[in-house]
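[1] prediction below, plus the sequence it came from.
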Amino acid sequence: MELSATQQARRWDRPFWKPIRGKEGVFTYLVLIHLLSVIGLILFPLPSLKVIGMTLLFNGSGHPASWVAYHRLHHAVTDLPEDISSPKQGGFWWAHLRWLYQTEPADKKHWAPELTGGIYRMWGWAETPVILLSIFIGLILGLGWMGFFWMGALRLVYSLHLQCLVNSLTHLGEAKEGDSSINVWWLGPFQLTAWGENWHKNHHTHAGSARLGLRWYQTDIGWYFIWMLEAIGLAHSVKRPRAS
Ligand SMILES: [Zn+2]
């Protein structure tokens, strides 16, 4: 049955277990990695150091044009009803996970045209093999079932939720209308795993900047890494915050 325009605009009213047509694969992937993570945690509560060391591979984010398009759309209409991932509109779980399988994909040609041609075309066929490789990498490298669970599902669930927290947790501000992004300062030691993404208010204020932690005490591991790449000549044209 076709949804009316009003029903489409309130996508979060849909039951959470119902993906929209065309997003069944995303929903199945999310259920699969969570299920495997639970089994992995029961069988191997703690991974070995060798397995931890090998987990820094592929995070399953998919085609760059798709997440860049989602990201630019989010910035263009932040926390308005047109925003695909706003907790202000659909609540925490909508912003955290549900929008991934209950919204139409952002138009890549409109929002990220420079990433849809040339070398980026390879993502059209590479996306699924990379996801499969991400899930099975532990077994492929001969690290047994512990490697399978910890390097596959558990690592993917960790990187997925860290990314999703940017959409949910860091948009729980009080703004009456529009941008409700906040800097989350209370992470303590978990700050080291957030890669600076918790300074999300800073990111919305200086959207073009690669640096998210603007003060010396705002830990920003991602920025330190980019700064280092620039220092040794492996990154160039790195954008910094505007002077204001
Ligand atoms: Zn945001």
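    Looks like it came in fine.

[2] lowest-confidence helix or strand of this structure?
    helix 5-9 (a mean of 58; mean pLDDT, DSSP states H and E).

[3] after that helix comes which helix or strand?
    helix 24-43 (DSSP states H and E).

[4] what packs against that next one?
    helix 99-102, helix 123-140, helix 144-148, helix 155-167 (3 or more Cβ pairs under 8 Å, 6 or more residues apart in numbering; DSSP states H and E). In short, each C-beta sits where N, CA and C put it, glycine included.

[5] now do the contacts for D179.
    78-79, 173, 204 (Cβ atoms under 8 Å, 6 or more residues apart in numbering).

[6] could you chop this protein up by domain?
    When the chain is parsed with automatic domain parsing, its domains come out as 11-175, 183-244.

[7] with respect to burial, which of those scores highest?
    Most buried of the domains of the chain, by mean neighbour count (mean count of other Cβ atoms under 10 Å): domain 11-175, with a mean of 17.

[8] let me know the average pLDDT across it.
    Mean per-residue pLDDT for domain 11-175: 88.

[9] next one: stretch 184-198
    For stretch 184-198, mean pLDDT is 88.

[10] can you give me the end-to-end span of it?
    5 Å (Cα to Cα, to the nearest Å).

[11] what's the closest non-adjacent residue to the spatially most central residue of the chain?
    What sits nearest the mean C-alpha location of the chain, by Cα atoms, centre = their mean, is Q163, with 3.3 Å. Spatial nearest neighbour of Q163, excluding adjacent residues (Cβ to Cβ, 6 or more residues apart in numbering): S61 at 7.3 Å.

[12] where's the one you found, which helix or strand?
    Going by DSSP H and E, S61 is not in any helix or strand.

[13] wouldn't it be in contact with W67 here?
    Yes - assessed by Cβ atoms under 8 Å, S61 is found in contact with W67 at 5.5 Å.

[14] quick one on the thing from earlier: residues touching the residue nearest to the centre of the chain, list them.
    Here Q163 is in contact with 59, 61, 197 (Cβ under 8 Å, 6+ apart).

[15] ok so, going back, tabulate the helices and strands packed on helix 24-43 (a markdown table), appending distance to H236.
    Converted to a markdown table, those look like this (distance: least, Cβ to Cβ, whole Å):
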| stretch | distance to H236 |
| --- | --- |
| helix 99-102 | 33 |
| helix 123-140 | 23 |
| helix 144-148 | 36 |
| helix 155-167 | 26 |
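
[16] ok, which of those comes nearest R242?
    Between R242 and those, the tightest spacing by Cβ to Cβ is seen for helix 155-167, at 21.3 Å.

[17] what is the orientation angle of the closest one with helix 24-43?
    Angle between the axes of helix 155-167 and helix 24-43 is 120 degrees (criterion: axes from the mean of the first three to the mean of the last three Cα atoms, to 10 degrees).
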